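Participant: Mind looking at a prediction? Sequence and model below.
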Amino acid sequence: MNEFIDRIKAALAAATGADPVTLKIEAPRDPSLGDFAFPCFPLAKTLRKAPPAIAAELAQNLGAIPDVSVEATGPYLNFRVDRGALAASVVGAIQAQGDAYGGSDEGRGKTVVIDLSSPNIAKPMHVGHLRSTIIGAAVQRLFDRLGYTTVGINHIGDWGSQFGKLVAAIDRWGADVDLENEPIRALLALYVRFHEEVKNDPELEEAGKAAFRELESGEDGHVRATWKRLTELSLREFDKIYARLGVTFDHVRGEAYYEPYLDATVERIVAAGITEVSEGALIVDLSGVEKNMAPCLLRKTDGTTLYATRDLAALFMRQDEFEFDRCLYVVGGEQRLHFRQLKGVLARMGLDWQERVTHVDFGLLRLPEGKLSTREGKVVFLDELLDKARNEAERIIAEKNPELANAETIAEQVGVGAVVFHDLKKERVKDVVFDWNEVLSFEGETGPYVQYTHARLASILRKARAKGFDTEGEVDWSLLADAAELLLRLGRFPGIVASAAEHAEPSEVTVYVLELCREMNSWYVKNKVLTDDVALSTARLTLVAAAQTVIASGLSILGVAAPAEM
Ligand code: ARG
């Protein structure tokens, strides 16, 4: 569809002398006015005329644009593309490019690093990490579509004083839990028990501290072996959730991975001359970066490093190793200060690439169970959440379509897809309230609704092909004149993908896919696809196939399966 916009821009540039790249073409507020609009306000200054006068004049003087007609309405020029040409362009592009439609190679040669998921091993992966995993993976897929080299890194929280506590807890009560088979639940139980008993047991407190000191010392003994074991067991458990979500990582690098680089990192920051010692701790003052910003702590009084120190080591390494054009941190909004501090340290070091580092933050996911606390053992296990979604989907499918083959696989796709879709529906900074009825509804703005629309289109195509219709041959595009709105929507998909990537905002795709489904369904209600008129049926089938391709493509960016039947 871009060729029409390019033609419009070229004609406008020729008539006004403006640089085509500076010309902004929009969608008209009222679609009945046209397909594209050019607001004449920006030209008022150079042409010294009122925008409505400019519009009227341009409508007269603009050279002929192939397949495009023009009309002035107030300060706007409105353009309308010939319906046959529109259908040929949009559907033709989708047919030619298939799954690749919507992508581009604008990112070729550029690298985006994405920090995502990053759960803490000592605790169960919580819903915040679920959001980071789902949003981060969608953002990575968006950049993949645009031809970027993407590097997804799972920055596992596998370091810190809580590991000393866990080792101490395993030493005392390890025999009471099933670490091997239920590591996440076992570790949670130990964590909770530690915090219970430590209240009246100073020895336990000391044992935890001693274990962490030993861990930090690098000593390769019993403590390190226990830490390693619990790390491996937890990761194995996390992997089951990642598999269900269809998420993989290019690197799984826990905080401990950066241990060997911590001294060099601190030295580098000291060498920049921006550190000071405050109450025995090594800090970077950031009050000049942002008013009242707290300093960044690099080393505690006892010499141990912190979350921020390890993040700085990781960031330097990412810059050296990947020479990224962008480095995105998909982490909840509660860590806003932390990432501003990281960027503040880089800014104070005079490293201008801090501008390429972005905290892609997001709001809370609120479950009906209310606020949860790991310390008290009140958590929602993600595997249980996904199980519940699958079971509910299974029940609904059994009710709606008892004959469905592969019902089990499809129930998993629908259940997990519903959770993922729901998470990506609103702008990421907004909080998400999880309501089971809403998440799994087959009507309304839900994953199952989109999947169901997709399955329905797939079924129309199956039936048509069985009847011998050909969806790949010659098409009389003018027969799709009544589907202009849908065609324009399909034509906008590449722009949506580019915009969603730029904003790291998968919800732009979710909203788009929902609108496409709504339009497709209402078109479909009005227009019979398989009729006695072969040419008409063929044209309509190509449109159905194009819509199916784009819905499936949108879902695949989001990480939601697109079953052909459900
Ligand atoms: N493990 C951290 C947490 O759960 C999130 C880590 C995010 N990534 C990072 N590079 N800091 O709070």
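Facilitator: Arrived safely, thanks for sending.

Participant: low-confidence ranges in the stretch 101-250 of the chain?
Facilitator: Along the stretch 101-250 of the chain, the parts satisfying pLDDT under 70 run over 124-125.

Participant: residue boundaries of the helices in it?
Facilitator: Along the stretch 101-250 of the chain, the segments classed as helices by DSSP state H, counting those that start in this stretch run 127-145, 161-173, 183-197, 202-217, 222-245.

Participant: And the last one, what's buried?
Facilitator: Spelled out, it's helix 222-245. For helix 222-245, a neighbour-count test (16 or more other Cβ atoms under 10 Å) marks 223-224, 226-227, 230-231, 233-235, 237-238, 241-242, 244-245 as buried. For every residue, glycine as well, the C-beta is placed using N, CA and C.

Participant: Dump the helices of the stretch 101-250 of the chain into JSON lines; add distance to the ligand as well.
Facilitator: Putting the helices of the stretch 101-250 of the chain into JSON lines (distance: least, Cβ to the nearest ligand atom, whole Å) gives the following:
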{"stretch": "helix 127-145", "distance to the ligand": "6"}
{"stretch": "helix 161-173", "distance to the ligand": "11"}
{"stretch": "helix 183-197", "distance to the ligand": "14"}
{"stretch": "helix 202-217", "distance to the ligand": "17"}
{"stretch": "helix 222-245", "distance to the ligand": "12"}
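
Participant: winner for burial among those helices?
Facilitator: Of those, the one with the most neighbours on average (mean count of other Cβ atoms under 10 Å) is helix 127-145, at a mean of 25.

Participant: so who does Glu71 touch?
Facilitator: Counting by Cβ atoms under 8 Å, 6 or more residues apart in numbering, Glu71 makes contact with 33-34, 59, 77-78, 80.

Participant: Take these and lay them out in TSV including neighbour count and pLDDT.
Facilitator: Below are the contacts of Glu71 laid out as TSV (neighbours: other Cβ atoms under 10 Å; pLDDT from 0 to 100):
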residue	neighbour count	pLDDT
Leu33	16	93
Gly34	21	94
Ala59	14	93
Leu77	26	95
Asn78	21	96
Arg80	18	96
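
Participant: just checking, which of those residues belong to helices?
Facilitator: Among the contacts of Glu71, the ones falling in helices (DSSP state H) are Ala59.

Participant: Can you spell out which helices and strands pack onto the helix or strand of the chain with the lowest mean pLDDT?
Facilitator: Within the chain, confidence by mean pLDDT, DSSP states H and E is lowest for strand 365-366 among all helices and strands, at a mean of 83. If you count contacts as 3 or more Cβ pairs under 8 Å, 6 or more residues apart in numbering; DSSP states H and E, strand 365-366 packs onto helix 127-145, strand 432-433.

Participant: For Thr304, list the residues it contacts.
Facilitator: 212, 216.

Participant: From Arg213, how far out is it?
Facilitator: As judged by Cβ to Cβ, to the nearest Å, Thr304 and Arg213 stand 8 Å apart.

Participant: Likewise for Ala122?
Facilitator: Using Cβ to Cβ, we find Ala122 at a distance of 17 Å from Arg213.

Participant: thinking again about what came up before, past the least confident helix or strand of the chain, which element shows up next along the chain?
Facilitator: Scanning forward in sequence from strand 365-366 by DSSP states H and E, the next helix or strand is helix 382-400.

Participant: For that following helix, buried residues please.
Facilitator: Buried residues in helix 382-400 (16+ other Cβ under 10 Å): 382-383, 385-386, 389-390, 392-394, 396-397.

Participant: what angle do whichever helix or strand comes after it and helix 382-400 make?
Facilitator: With elements assigned by DSSP H and E, the helix or strand that comes after helix 382-400 is helix 407-423. Put simply, helix 407-423 runs at 120 degrees to helix 382-400, going by axes from the mean of the first three to the mean of the last three Cα atoms, to 10 degrees.
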